[in-house]
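Chemist: sequence and predicted structure are below.
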Amino acid sequence: MNKIVICSLMVFALSGFSSAFAQNFGVSVNNAFQYGYGTESGFFGEEDKEYLENFSDVRLFSDNVTIGFRLELRQPAEFGPDEQGITRRYIQFERDGLTLRAGDLFGLFNRGLSLNLFEDRVIRFDTSLDGLYAEYDTDYFRAKIIGGEINYLEQLTFDDPVIHEENHSIRGANLELKPHRAVRLGGSFVRAVSNIPEYFNAEVVDTVTTHVPEVYGRFRLPFADISLGYAHRFAEYSDSLETEGGAFYTSIAHFGSGYGLTLEYKNYRYNIADPLEEFEFLRPNRMLPFQNPPIAHKQHSYTLMSREPHLVNFNDEVGLFLDAFYSFSPRVLSNASFAWASRNFAWDMDPDTFEFERSEVGTSWLPSFDEKRSPFWEVYVDTEYMLPDFLSYVKAGYNYRSLGFYSSFLPESSYEIKQHNMFVELQYSLTPVWSIKAISEHQFEKDGQIPLDPHSYSKLLTLQVSKAPSFSVTGRMELTNSDYDPSGDKSWFALDASYRIGRSHTVSAGYGSERGGAVCINGVCRIVNAFEGFRFSLVSVF
């Protein structure tokens, strides 16, 4: 507990320190404290759960120089391993289009086909690089170079006896030319030397040297904005094995008066593997964690729609995504989308030799509805109507989703999950500051993996009363008739409240039960177990 006191003292001392200096010097501090106590339940039963975490992100800046660090405490962590101490530190210089940074950093080349380093605390995903970064941006070109080390912890193994840890030594460069205000042409090159332990035997470490060249272009034409890119992956292993793969992504966006259309196409073939090889999901020849291209489907914000999402197979997936919006009037706006994806190929197993043979079912560069290619598709539509005060609104939507899972080992055990999701959201402003929001979500699911209980129904009701910008109270009730929820429960109730203290602090507290499920960010997911108990958080910004 003394460490928490020290963190708090540092936060308040630095905030006062900034006010004592001239205008060319400043300090900003973001501090997030959270605590939870209760029980957590999932596939492996129920156990007591307690966590205590504090993050202090501090920035000291003067003219062109910024110094930053993060003081972190996770004892015990809400998810993943415990942490204590300074986990981020950097110094950055910016002037006349030049950016230099040393220490912990993130980076993105184009749309992430060759390099996309980011952090998300919710799913505990972190590919921050400890090294050097330089960027020079002019009216005619932009150049980036990056180099350093990544120590990556695979969040899918946080509950395993030994957490899977990889080391990647990265060197990369990106050059983007600007011959015209409507044209961007670029190329990237990333080289990585990686030490990757085998998943089933961590004492055996594979050394992989990866080269990823990429070319891309962006064009702003009178009728559309077009972006496209292709990355190729060459990998060499310590046993002289070599593999190749690649990825192509393009988007076309057209906007007019009161409407817009966006079409995305992806063809990811970083490592097409047979079903037996795919069992080793952390194999060294997969797409490595410092790459993260677009998912090319809708990432839903409503709880029931997001709980069982499509998991993107970046190593072997082709897909299309069409998203459109139309404004019927200043008060009425509709959004609709269609997503479709599948594997590039199908696999057949020889029953005599138990060897797999790749077969082309349909056209490999287009998604397929054939069950052998494990298709995914969904349709989504919503309409929002603003009331005359333009503070109140009604929004309703529908989503249909089909998730196919084909087994080449036992085709008769293949199955499909079908979902119908509906929601209605209402916000009514009693006064300019007081409002009530209600959300009703409903899900009908047929899970072919559970033949004894193929149909299930879930509903989630949320009611919030708030006074902007200082106060809100939210109640949630979720019910299901399924006998196969991992927690074993059929109902969950929770009550949360938040209050803003001045301009700098927001305190939140909640008690009740929460249903578990998947949480995904940019195609990276984690499983959240059901939780019942108390949560508290305090967020401060100086």
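Modeler: Perfect, I can see it now. Numbers count the residues shown, from 1 in each chain.
Chemist: checking the residue in the chain sticking out farthest from the centre next. Helix, strand or coil?
Modeler: Largest separation from the mean C-alpha position in the chain: D352, at 42.1 Å (Cα atoms, centre = their mean). Following DSSP: H, G, I helix; E, B strand; the rest coil, D352 is assigned to coil.
Chemist: how about the backbone phi and psi for it?
Modeler: Per-residue torsions, D352: phi -90, psi -40 (degrees, to the nearest 10).
Chemist: please report how far it lies from V361.
Modeler: Distance check for D352 against V361: by Cβ to Cβ, to the nearest Å, it reads 22 Å. The C-beta positions use only the backbone N, C-alpha and C, and glycine is treated the same way.
Chemist: show me what contacts the nearest residue to Y152 once chain neighbours are set aside?
Modeler: Using Cβ to Cβ, 6 or more residues apart in numbering and skipping the chain neighbours, the partner closest in space to Y152 is E166 (4.6 Å). By Cβ atoms under 8 Å, 6 or more residues apart in numbering, E166 lies in contact with 150-152, 154, 194-197, 289.
Chemist: with L108 instead?
Modeler: Contact analysis of L108 by Cβ under 8 Å, 6+ apart lists 115-118.
Chemist: in helices only, show me the residues you listed.
Modeler: Residues of these located in helices (DSSP state H): none.
Chemist: got a winner among these for most neighbours?
Modeler: Of the contacts of L108, L115 is surrounded by the most neighbours, 28 neighbours in total, counting by other Cβ atoms under 10 Å.
Chemist: burial of the closest residue to P76 other than its chain neighbours, as a residue count?
Modeler: Leaving aside its chain neighbours, P76 sits nearest to Y51 (5.3 Å; criterion: Cβ to Cβ, 6+ apart). When neighbours are counted by other Cβ under 10 Å, Y51 registers 18.
Chemist: element containing Y51?
Modeler: Using DSSP states H and E, Y51 sits in strand 45-62.
Chemist: what does the helix or strand following that strand contact?
Modeler: Counting by DSSP H and E, the element after strand 45-62 in chain order, helix or strand, is strand 65-74. With Cβ under 8 Å, 6+ apart as the test, strand 65-74 has contacts from 3-4, 7, 10, 51-61, 80-94, 103.
Chemist: ok, 6 Å please
Modeler: Contacts made with strand 65-74 from outside it, assessed by Cβ atoms under 6 Å, 6 or more residues apart in numbering, are listed as 3, 7, 53-60, 82-84, 86-93.
Chemist: ok, stretch 220-231 next?
Modeler: Contacts of stretch 220-231 (Cβ under 6 Å, 6+ apart): 110-111, 113-114, 182, 212, 214-219, 247-254.
Chemist: just the CA atoms of stretch 335-349, as CSV, please.
Modeler: The C-alpha coordinates for stretch 335-349 follow below in CSV (Å, rounded to 0.1, in the frame of the first residue of the first chain):
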residue,chain,number,x,y,z
ASN,A,335,-26.2,2.9,-41.5
ALA,A,336,-25.9,-0.6,-43.2
SER,A,337,-23.1,-3.0,-43.7
PHE,A,338,-22.3,-6.4,-45.1
ALA,A,339,-19.2,-8.4,-44.2
TRP,A,340,-18.1,-11.7,-45.8
ALA,A,341,-14.9,-13.7,-45.2
SER,A,342,-13.5,-17.3,-45.4
ARG,A,343,-10.3,-19.2,-45.7
ASN,A,344,-8.5,-19.0,-49.0
PHE,A,345,-8.6,-22.8,-49.5
ALA,A,346,-10.2,-26.0,-48.3
TRP,A,347,-8.4,-29.0,-46.9
ASP,A,348,-9.1,-32.7,-47.4
MET,A,349,-7.6,-35.5,-45.3
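Chemist: give me the buried positions along that stretch.
Modeler: 335-347, 349 (16 or more other Cβ atoms under 10 Å).
Chemist: how about stretch 65-78?
Modeler: By neighbour count with 16+ other Cβ under 10 Å, stretch 65-78 contains the buried residues 66, 68-74, 77-78.
Chemist: now, which of those residues sits nearest F281?
Modeler: Nearest to F281 among those, counting by Cβ to Cβ, is A77 at 23.2 Å.
Chemist: list the buried ones in the helix or strand harbouring T383?
Modeler: Secondary structure from DSSP H and E places T383 in strand 376-386. Within strand 376-386, the residues that count as buried by 16+ other Cβ under 10 Å are 376-378, 380, 382-384, 386.
Chemist: what ranges do the helices span in this protein?
Modeler: Using DSSP H, helices in the chain cover 2-19, 275-278, 303-306.
Chemist: find me the pLDDT at the residue nearest to P76, would you?
Modeler: Y51 is assigned 96 on the pLDDT scale.
Chemist: wait, doesn't it sit right on Q75?
Modeler: No: using Cβ atoms under 6 Å as the test, Y51 is too far from Q75 to be in contact (8.7 Å).
Chemist: excluding chain neighbours, give the residue nearest to N315 in space.
Modeler: What sits nearest to N315 in space, not counting adjacent residues and going by Cβ to Cβ, 6+ apart, is N271, at 4.3 Å.
Chemist: tell me the contacts of the one you found?
Modeler: Here N271 is in contact with 245, 285-286, 315 (Cβ under 6 Å, 6+ apart).
Chemist: if I look at it, how far off is F281?
Modeler: From N271 to F281 the distance is 11 Å (Cβ to Cβ).
Chemist: got it, and Y499?
Modeler: For Y499 relative to F281 (Cβ to Cβ), the value is 43 Å.
Chemist: okay, now the unreliable bits of the stretch 201-350 of the chain?
Modeler: 239-240 (pLDDT under 70).
Chemist: let's see that with 50 instead.
Modeler: In the predicted model, the stretch 201-350 of the chain carries no residue with pLDDT under 50.
Chemist: show me where it has strands.
Modeler: Counting by DSSP state E, counting those that start in this stretch, the stretch 201-350 of the chain has strands at residues 205-220, 225-237, 242-256, 259-269, 317-329, 332-342, 346-349.
Chemist: so which elements touch the fifth one?
Modeler: Read it as strand 317-329. Under the contact definition 3 or more Cβ pairs under 6 Å, 6 or more residues apart in numbering; DSSP states H and E, strand 317-329 sits against strand 259-269, strand 332-342.
Chemist: list the buried residues for stretch 111-124?
Modeler: Quick answer for stretch 111-124 (16+ other Cβ under 10 Å): 111-118, 123-124.
Chemist: pretty sure E135 sits against F141.
Modeler: No: using Cβ under 6 Å, E135 is not in contact with F141, being 11.2 Å away.
Chemist: number of nearby residues for the closest residue to V215 other than its chain neighbours?
Modeler: Here the nearest residue to V215 in space, its sequence neighbours aside, is G187; by Cβ to Cβ, 6+ apart that works out to 4.9 Å. Around G187 there are 18 other residues, counting by other Cβ under 10 Å.
Chemist: and T127, by the same measure?
Modeler: T127: 23 neighbours (other Cβ under 10 Å).
Chemist: measure it to E149 for me?
Modeler: 11 Å.
Chemist: cool, L175 as well?
Modeler: 24 Å.
Chemist: who has more neighbours out of these two?
Modeler: Neighbour tally, L175 and E149, criterion other Cβ under 10 Å: the higher count belongs to L175, 14 against 11.
Chemist: does the more buried one touch A143 like I think?
Modeler: Yes: with contact defined as Cβ under 6 Å, L175 counts as touching A143 (5.2 Å).
Chemist: any idea how far F356 is from N315?
Modeler: 15 Å.
Chemist: then K372?
Modeler: K372 is 17 Å from N315, where distance means Cβ to Cβ.
Chemist: please apply the same query to F536.
Modeler: 41 Å.
Chemist: cool, I439 as well?
Modeler: From I439 to N315 the distance is 36 Å (Cβ to Cβ).
Chemist: can you give me the buried ones in stretch 531-538?
Modeler: 531-533, 535, 537-538.
Chemist: for stretch 294-311, that is, sorry about that
Modeler: For stretch 294-311, the buried set under the neighbour-count rule, 16+ other Cβ under 10 Å, comprises 294-298, 300, 302-310.
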